[in-house]
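# Got a predicted structure here, sequence first:
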Amino acid sequence: MVKKLKQPKAERYLNRQNATDELYHESFKNVSVIFASIPNYSKLNREHKYDKDGTKCLKVLNEIISDFDMLTYDDLFQTIEKIKIVGSTYMAACGLHPDGDEVSEAERSMEENVSTIAKFAAAMFKKLEVFNSDGFQEFQLRVGINAGPVIAGVIGAHKPMYDIWGDTVNVASRMDYTGESGKIHVTATAGDILQGLGWSVTCRGEIKVKGKGFMTTYYVDPMSAPKEPSPLQPPDTPSNNNNNDNKNRKSSQDTTGERRRSSQLSLTSIKGFLSSHRGSLDINTSKDVDTQSTRSLPIYKPIKNETETTHRWEMEDLGSVGTTPRSSFDSKDSGVVKGSYRPSYPSPVAEEAEWTAGAASPLQKHPSKSSVSMIQTAPGHEPLRGSNDNEIFKQLINCKSKPHLSLKKNSSSSPDLSRTPVKDSTSVKSSFTIGASRKSSKSKNKRCTNVRQAQDHLLAHSSPHTSIMMDSEEVQSVWL
Ligand SMILES: Nc1ncnc2c1ncn2[C@@H]1O[C@H](COP(=O)(O)OP(=O)(O)OP(=O)(O)O)[C@@H](O)[C@H]1O
């Protein structure tokens, strides 16, 4: 509600509520509404016989919904407002901007709102696909979209709920309900707009919609989103032909005021979420202190506790790394950690692999910076940097090219661990345990004898549910 109602407005709402029970509401003309359901979620719920109290299934749902929630922090989706979860259905809308926004309703057209919500739906499909492949799950997504006028308001004096109502909302829900898994089912209003924007739209025919009679509806292929202009290309370059996307980009640049507020809120929310769940992550957006770097990336600082010195590490641009709470750094205290990780959801069985080395921690600090480690993956390649071993190792896992590793050391006497086989496991001084989720695995405690092998193993099995727990002097557990 706070996100929706700006301060004076919230005060106005509260004052009204003190004085009267009158409904607080606003009307919007051009709102796009999405209902996205996981139709086979309840099947999983029913079938899971080991989940007597239902908490495991709920954990799964929570992870999926959290993934979807995190999309709303994406720059593209700042105008998307999550309304609620109904069962396993995600309900959101686009175009519910608060009064006094820099961008007026007229400027934020129906076309933009429909385009944004369709991209949001496509992103949800992708998120679920990743979730499925990581956890060997088969959840499906069924999406309904409609666009038109809605009434938004706050219902109730105690625990008030912001919600939206109207025919547009009812029909969006019907689009979901009467749609098919894997498809976005839309009304003619949304279908026309999306076709005009270059999405692949096919007519479904006429369906009977309760309260509306027969309606011609359309299926939109979630994979057919028109390409975004390259981020390197300025939005207004003449060679860029996608005018609609340009328009969207332009308008998103115009809304910097709102974005600043939203991203502020996002950061605060993430921070709040992480501190309550992990207890220790501070996020700031100051520029990288590494003067050699040309990037200006957010810097994530793990804080052990208020009084201890903080580390600083550089986030490399590694796709989804660190984008959700569960894929964020677990910045709990350092110290010796060793153990295995079990995914928090039901089906996958954890597999463990252990890599051991008869030497000190394989990844050393960067000689010139006390808080930065680096690893040279191959001669002539850009070294990977991080503030600790885990950070570096996480990057190694994400290296698509599987480079042959040679480690840059402080001391020339340190062996190249990538070629150091483990001869005698009793002489092991440091080790780490890799837990990766797999549907079925008989091999436990699989031992990797060098970095390359461990990396290959992780590339094959790592997932957002993988954690690495290192047993060395500078230990932090990392969730990937
Ligand atoms: N604000 C809202 N939040 C959640 N769901 C909504 C909202 N507004 C409408 N819906 C959903 O839209 C659907 C269509 O509503 P409608 O009023 O047309 O029929 P209904 O008779 O209420 O629906 P049902 O047949 O499911 O009982 C309903 O399933 C309703 O739950």
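Yep, that arrived.
# May I ask you to name the longest helix in this protein?
Looking across the chain with DSSP state H, the single longest helix is helix 110-135.
# Walk me through which strands the following helix or strand past that one pairs with, and which way each runs.
Proceeding N to C from helix 110-135, the next assigned helix or strand is strand 142-155, under DSSP states H and E. Here strand 142-155 has these sheet partners by DSSP bridges: strand 24-37 (antiparallel), strand 161-165 (antiparallel), strand 184-187 (parallel).
# out of those strands, nearest to Leu96?
Checking the strands paired with strand 142-155 against Leu96 by C-beta to C-beta gives strand 24-37 as the closest, at 6.0 Å. C-beta: built from backbone N, CA, C; applies to glycine.
# Alpha carbons of that closest one, as CSV, please.
Taking C-alpha atoms only, strand 24-37 is exported to CSV below (Å, rounded to 0.1, in the frame of the first residue of the first chain):
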residue,chain,number,x,y,z
TYR,A,24,-10.9,5.0,-0.9
HIS,A,25,-10.6,4.4,-4.6
GLU,A,26,-9.1,5.7,-7.9
SER,A,27,-10.1,5.0,-11.5
PHE,A,28,-7.6,4.2,-14.2
LYS,A,29,-8.3,3.9,-17.9
ASN,A,30,-5.4,2.0,-19.4
VAL,A,31,-4.4,-0.8,-17.1
SER,A,32,-3.2,-4.2,-18.2
VAL,A,33,-3.9,-7.1,-15.8
ILE,A,34,-2.2,-10.4,-15.6
PHE,A,35,-3.3,-13.6,-13.8
ALA,A,36,-0.6,-16.3,-14.0
SER,A,37,-1.4,-19.7,-12.6
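# Can you give me the buried ones in that strand?
Neighbour-count burial for strand 24-37 flags 24, 26, 28, 30-37 (criterion: 16 or more other C-beta atoms under 10 Å).
# Tell me the residues of the stretch 101-250 of the chain that contact the ligand?
Applying C-beta under 6 Å from any ligand atom, one finds that the stretch 101-250 of the chain approaches the ligand through 163-165, 169-170, 173-174, 210-211.
# Which pair in those residues has the greatest spatial separation?
Distance extremes for those: the farthest pair is Asp163 and Lys210 at 20.0 Å, using C-beta to C-beta.
# Compare neighbour counts for the two and give me the winner.
The neighbour count for Asp163 versus Lys210, taken as other C-beta atoms under 10 Å, is higher for Asp163 (18 against 10).
# residue contacts, the more buried one?
Listed by C-beta atoms under 8 Å, 6 or more residues apart in numbering, the contact partners of Asp163 are 83-84, 152-155.
# Filter these down to the buried ones, PyMOL style.
Burial among those is assessed by 16+ other C-beta under 10 Å; the matching PyMOL selection reads:
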select buried, resi 83+152+153+154
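# Rebuild the contacts of Asp163 as JSON lines, extending it with pLDDT.
Below are the contacts of Asp163 laid out as JSON lines (pLDDT from 0 to 100):
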{"residue": "Ile83", "pLDDT": "97"}
{"residue": "Lys84", "pLDDT": "96"}
{"residue": "Ala152", "pLDDT": "93"}
{"residue": "Gly153", "pLDDT": "91"}
{"residue": "Val154", "pLDDT": "88"}
{"residue": "Ile155", "pLDDT": "84"}
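# which residue packs closest to Lys82, ignoring adjacent ones?
When the adjacent residues along the chain are set aside, Lys82 lies closest to Ala92, with 4.9 Å between them (C-beta to C-beta, 6 or more residues apart in numbering).
# name the helices or strands packed onto the helix or strand harbouring that neighbour?
Taking DSSP H and E as the definition, Ala92 sits inside strand 89-94. Other helices and strands packing on strand 89-94, by 3 or more C-beta pairs under 8 Å, 6 or more residues apart in numbering; DSSP states H and E, are strand 24-37, strand 80-86, helix 110-135.
# Show me the contact partners of it.
31-38, 65, 68, 72, 79-85, 113-114, 116-117, 120, 124, 150, 164, 173, 176.
# Flag the shaky bits of the protein, pLDDT-wise.
For the chain, the stretches with pLDDT under 70 are 1-22, 48-52, 98-108, 229-480.
# in it, what residue is nearest the ligand?
Nearest residue of the chain to the ligand (C-beta to the nearest ligand atom) works out as Ser173 at 3.1 Å.
# Wait, that residue touches Ile145, no?
No. In this structure Ser173 lies outside contact range of Ile145 using C-beta atoms under 8 Å: 10.6 Å.
# Of those two, which one has the most company?
Ile145 (31 against 19).
# quick one: contacts for the more buried one?
32-34, 114, 117-118, 121, 172, 175, 184-187, 190, 220.
# can you give me the angle the helix or strand hosting Ala172 makes with strand 142-155?
Element membership of Ala172, judged by DSSP H and E, is helix 167-177. Angle, helix 167-177 to strand 142-155, by axes from the mean of the first three to the mean of the last three C-alpha atoms, to 10 degrees: 150 degrees.
# still on that earlier bit, next, format the residues of the stretch 101-250 of the chain next to the ligand as TSV and append distance to Pro226.
Output for these, formatted as TSV (distance: C-beta to C-beta, whole Å):
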residue	distance to Pro226
Asp163	32
Ile164	27
Trp165	32
Val169	27
Asn170	29
Ser173	27
Arg174	27
Lys210	33
Gly211	33
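# show me the contacts for the closest residue to Val171 other than its chain neighbours.
Excluding the flanking residues, the one nearest Val171 by C-beta to C-beta, 6+ apart is Asn146, at 4.6 Å. If you count contacts by C-beta under 8 Å, 6+ apart, Asn146 has them with 32-33, 168-169, 171-172, 175, 186-187, 189-190.
# mind checking the end-to-end distance for stretch 71-91?
Using C-alpha to C-alpha, to the nearest Å, the end-to-end distance of stretch 71-91 comes out at 13 Å.
# Number the chain from 33, please
Okay, residue one is now 33; in that scheme the one you just asked about reads as stretch 103-123.
# mind listing what's buried in it?
Residues 103-105, 108-115, 120-123 are the ones in stretch 103-123 that count as buried (16+ other C-beta under 10 Å).
# residues from the stretch 333-482 of the chain in reach of the ligand?
Applying the criterion C-beta under 6 Å from any ligand atom, no portion of the stretch 333-482 of the chain neighbours the ligand.
# hmm, back to that, what residues are bridge-paired with the residue nearest to Lys114?
Per DSSP bridges, the residues bridged to Ala124 are Ile66, Lys114.
# which among the contacts of Asn178 gets closest to Met247?
The closest of these to Met247 turns out to be Thr219 (C-beta to C-beta; 6.7 Å).
# Pairing partners for the closest one in the sheet, please.
Counting by DSSP bridges, Thr219 forms beta bridges with Thr249.
# how close does it get to Gly188?
Distance, Thr219 to Gly188, using C-beta to C-beta, to the nearest Å: 30 Å.
# And for Lys242?
Lys242 sits 27 Å away from Gly188, going by C-beta to C-beta.
# Same check on His217?
Distance check for His217 against Gly188: by C-beta to C-beta, it reads 32 Å.
# In terms of neighbours, single out the busier of those two.
Counted by other C-beta under 10 Å, His217 and Gly188 do not tie: His217 has more neighbours, with 26 against 10.
# surely the more buried one meets Thr249?
Yes. Using C-beta under 8 Å, His217 makes contact with Thr249 at a distance of 6.1 Å.
# okay, and the common contacts of these two?
Contact criterion C-beta under 8 Å, 6+ apart; residues shared by His217 and Thr249: 207, 210, 236.
# By neighbours, which of those wins?
When neighbours are taken as other C-beta under 10 Å, the top entry among those is Met207 (27 neighbours).
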